[in-house]
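**Student:** Sequence below, structure please.
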Amino acid sequence: MMRFVTKIVVVSTLLVGCGLASIGLARELTFIDQALNPAKLQGGGKLTWWGLHVYDASLYRSGSFSSSEFALDLQYHKSLNGLAIANRSAEEMRKLGVPDSQAQNWGKQLASFLPNVEPGQSLTAIYNPKQGTTFYFDGKPLAQIAGPDFSRAFFGIWLDSKTSAPKLREQLLGQHCPPPLLQESCNQ
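**Tutor:** Below is the predicted model of the structure:
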C-alpha cells in the first residue's frame, strides 16, 4: 500500500511540475504575443536528426492564418554552436535555390549574432513586412535583418515546399497555407 501511495505522490509531483513548466513557457512567449498582437499558434513539431531530438518548432501567426506577420520559435533539446546554426542555415538556403554568394553573405550575417544554444533555450525569428526579420534569444532581441528576400530564404528552410524537413513543414502549417511571404498557390 505504501508503494502505491508513493507512486501516486511521484506521479502527481511530475504532473504538477509539467503544468508549472507549461505555464512558465507561456510567460516566456509574451514577446511573440506582443509582436504579433495577438499571436495564434498555427502548428508545431519536432526536428530529429539521426534519431536525435534537435528542437521543437512552433509557428505563430498574427491574429489570423492569412496574416503577413508570423513567428517561428525553436526550443532546443541539443547543444549547438551558433556558427554551426548559421552555416547550416546558409546550406539549407542554398538547397532551396539561393545563389551561393548570397547564402554565404547571409550565413556570415547570422554568424555575427547567433549564440550557442543549450537544451531548454530558444531562438525565435519574427517576420514583419515593414521591418524584416527580428531574431530573439530566450525572448531577448538579438538582431534584425531587413528585406523580404532574406526572410523568404530564411523561413523557407522550414516552410518552403522544397524544405529538407517536409514532415516538420506539414506539422507547422497544419491545415493552413504558408504565410503570404512564402505562399505558392494555396487554397484554404
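
**Student:** would you list every one of the strands in the chain?
**Tutor:** Secondary structure of the chain by DSSP state E: the strands cover 39-49, 52-62, 70-76, 122-128, 132-137, 140-145.

**Student:** Give me the distance between the last one and the centre of its chain.
**Tutor:** It stands for strand 140-145. How far strand 140-145 lies from its chain's middle: 14 Å, per Cα atoms, centre = their mean, to the nearest Å.

**Student:** in it, what's buried?
**Tutor:** Neighbour-count burial for strand 140-145 flags Leu142, Ile145 (criterion: 16 or more other Cβ atoms under 10 Å). No exception for glycine: its C-beta is placed from N, CA and C like everyone else's.

**Student:** quick one: low-confidence parts of this protein?
**Tutor:** Filtered on pLDDT under 70, the chain yields the residue ranges 1-28, 184-188.

**Student:** mind listing the helices for it?
**Tutor:** 2-28, 30-36, 82-95, 100-111, 148-159, 166-173 (DSSP state H).

**Student:** still on that earlier bit, any chance of TSV for the strands of the chain, columns distance to Asn105?
**Tutor:** Listed next are the strands of the chain as TSV, based on distance: least, Cβ to Cβ, whole Å:
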stretch	distance to Asn105
strand 39-49	25
strand 52-62	25
strand 70-76	21
strand 122-128	18
strand 132-137	15
strand 140-145	11
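
**Student:** quick one: which of those strands is nearest Glu92?
**Tutor:** strand 39-49 (11.5 Å; Cβ to Cβ).

**Student:** which residues touch the closest one?
**Tutor:** The contact list for strand 39-49, computed with Cβ atoms under 8 Å, 6 or more residues apart in numbering, reads 29, 32-33, 53-65, 70-71, 77, 165, 167-168, 170-174, 176.

**Student:** Okay, angle between that strand and strand 122-128 too, please.
**Tutor:** With axes from the mean of the first three to the mean of the last three Cα atoms, to 10 degrees applied, the angle from strand 39-49 to strand 122-128 works out at 130 degrees.

**Student:** so how far is Val98 from the nearest residue to Ala57 once chain neighbours are set aside?
**Tutor:** Closest residue to Ala57 apart from its sequence neighbours, by Cβ to Cβ, 6 or more residues apart in numbering: Leu74 at 5.4 Å. For Leu74, the distance to Val98 equals 20 Å [Cβ to Cβ, to the nearest Å].
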